[in-house]
Structures are given as structure tokens and as C-alpha cells.
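**Q** Need the 3D shape of this:
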Amino acid sequence: MMTLSWVSSASAVSPDVVNIGVGTKGKYVVMNARLVDGFTEKIREAIANGVPMSFTYDIELRKANTLWMDSLVSSNKVRHRVQFDSLKKKYRFSEFGNNIKRNIITRSEPQYQKLMLTLEDIPIAPIYKLDPNEQYYVRVKADLETDRFWFPFNYIFFFVPFSEFETSWAQTSPLSIDPDLELSKQARDANQTDEIPARDLIRSFNK
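**A** Down below sits the predicted model:
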């Protein structure tokens, strides 16, 4: 799969979703993205003390309409959660969403941070839902959640503004199915269990 559309930010000073890429994998339209400036010193300190933290990513595929409001085609809510096991000195990472379930254990702080901040091959819609004659875009935002605060963490981190951690929506340029590939029709008509080979069929109108 090749990344085809990009949204970037230069020298972000607050949490922001960047590098949104859209393509296909099997019968699905998938997306990649990255969250920057998601870990402050206080957040890393909280995780190191065993506080469970979650980044929740809201992802939407929308059809661009010229005369009325853009319409929602499909969505996915992906939750990245990490908790440090101080006895075993391990970080437990999980990723959950529609058609997504992953659990990883690592001892590496850089590794758990990369997992928390990265969206990779996230399915957002079956290919057949996209019409080659229409234009679409993908948008995503992220927010931080704490599962719970308990003593003494509720006092130690009382002044950390976790509730204010929410990025703005970031979105791609207009996209469409490549009509020459005709994969949308194949996906719609395919009743067999064999998976359609992964190919690139998303065109960007702002390349």
C-alpha cells in the first residue's frame, strides 16, 4: 500500500494529528496517521507511576458535497491504551476498534510511545462504498483519556489538564476511487471468500 495524501504540521507546539495517508488493503480503504506532541513530561510521569492512559482516535470518511453538508460515509473509533506494570517493568499496550484488536507487551519506553502515537492500516470503509464519480476525504482527531485516578495519583496529577487534551480535526485533500481499476465493482460483486489483492486505488486531487 502506498501513501497518497498528506496533512502535515511544521513545528507543532500542541498535540496534532499529521501525515494522514489513505490507500487500500484487501477489500478495505485504510488510513495511516501520526499524533505529534502527545506526551508531555507529566503524562510520561503518570504512565511511569502506573496510571492507565488512552488515546482515542475518531476517524471519519466523508463524501464532499458542493450544495449541501458533507455526508458521513463510514467511521471508526480506535483506542490506544497503555499501562505500566511496575513489578514486571513492562508496558502493556492495546489497540481496539472496528476490525482491529491488538495487544503488545514491551519494556521499551520509545516503543510504547510509538505504538500509542501511530495509526497504521486502520480500516475505515469497504471499497464498494465509494463511488468513482464522487469525491471524499478522511478526517481524524485525537483526545487523551485517563481510565481513573486513585490515591495518591489523584493528588499528584491534580493540576495536569488531561481533560483539555483534544486535537482539532485534521483532514486529507479530496480523494476518489480510480475508475480505471474498477475495484469497487469487484468488491461489491464478490461473494467468494478469496481476498481481493491489495492495490492502490485512491486518487488525490491535490497532489
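**Q** The most centrally placed residue in the chain and Ala125: what is the separation?
**A** For the chain, Leu119 is the residue whose C-alpha lies nearest the centre (Cα atoms, centre = their mean; 4.3 Å). Relative to Ala125, Leu119 is positioned 15 Å away (Cβ to Cβ, to the nearest Å). In this view, the C-beta of every residue, glycine as well, is placed from N, C-alpha and C.
**Q** Pro15 too?
**A** Counting by Cβ to Cβ, the gap from Pro15 to Ala125 is 26 Å.
**Q** May I see the buried residues of the helix or strand the residue nearest to the centre of the chain falls within?
**A** Using DSSP states H and E, Leu119 falls within strand 118-126. Judged by neighbour count (16 or more other Cβ atoms under 10 Å), strand 118-126 contains these buried residues: 119, 122-125.
**Q** mind listing the strands for the chain?
**A** Assigned by DSSP state E, the strands in the chain fall at 16-25, 28-36, 53-63, 71-85, 90-97, 100-106, 118-126, 136-146, 170-171, 175-177, 202-204.
**Q** Could I get these in CSV, plus columns for distance to Arg44 and mean pLDDT?
**A** Shown next, in CSV, are the strands of the chain (distance: least, Cβ to Cβ, whole Å; pLDDT from 0 to 100):
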stretch, distance to Arg44, mean pLDDT
strand 16-25, 18, 93
strand 28-36, 14, 95
strand 53-63, 10, 95
strand 71-85, 10, 96
strand 90-97, 11, 97
strand 100-106, 15, 97
strand 118-126, 17, 96
strand 136-146, 12, 90
strand 170-171, 23, 95
strand 175-177, 36, 85
strand 202-204, 36, 50
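**Q** and those strands as a markdown table, adding distance to Tyr112?
**A** Shown next, in a markdown table, are these (distance: least, Cβ to Cβ, whole Å):
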| stretch | distance to Tyr112 |
| --- | --- |
| strand 16-25 | 19 |
| strand 28-36 | 13 |
| strand 53-63 | 10 |
| strand 71-85 | 5 |
| strand 90-97 | 4 |
| strand 100-106 | 6 |
| strand 118-126 | 11 |
| strand 136-146 | 15 |
| strand 170-171 | 23 |
| strand 175-177 | 32 |
| strand 202-204 | 31 |
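**Q** now for these, which one comes closest to Ala46?
**A** Ala46 sits nearest to strand 53-63 of all those, at 6.7 Å, using Cβ to Cβ.
**Q** Spell out which strands sit alongside that closest one in the sheet and which way each one runs.
**A** strand 71-85 (antiparallel), strand 136-146 (antiparallel) (DSSP bridges).
**Q** relative to strand 16-25, how tilted is it?
**A** 60 degrees (axes from the mean of the first three to the mean of the last three Cα atoms, to 10 degrees).
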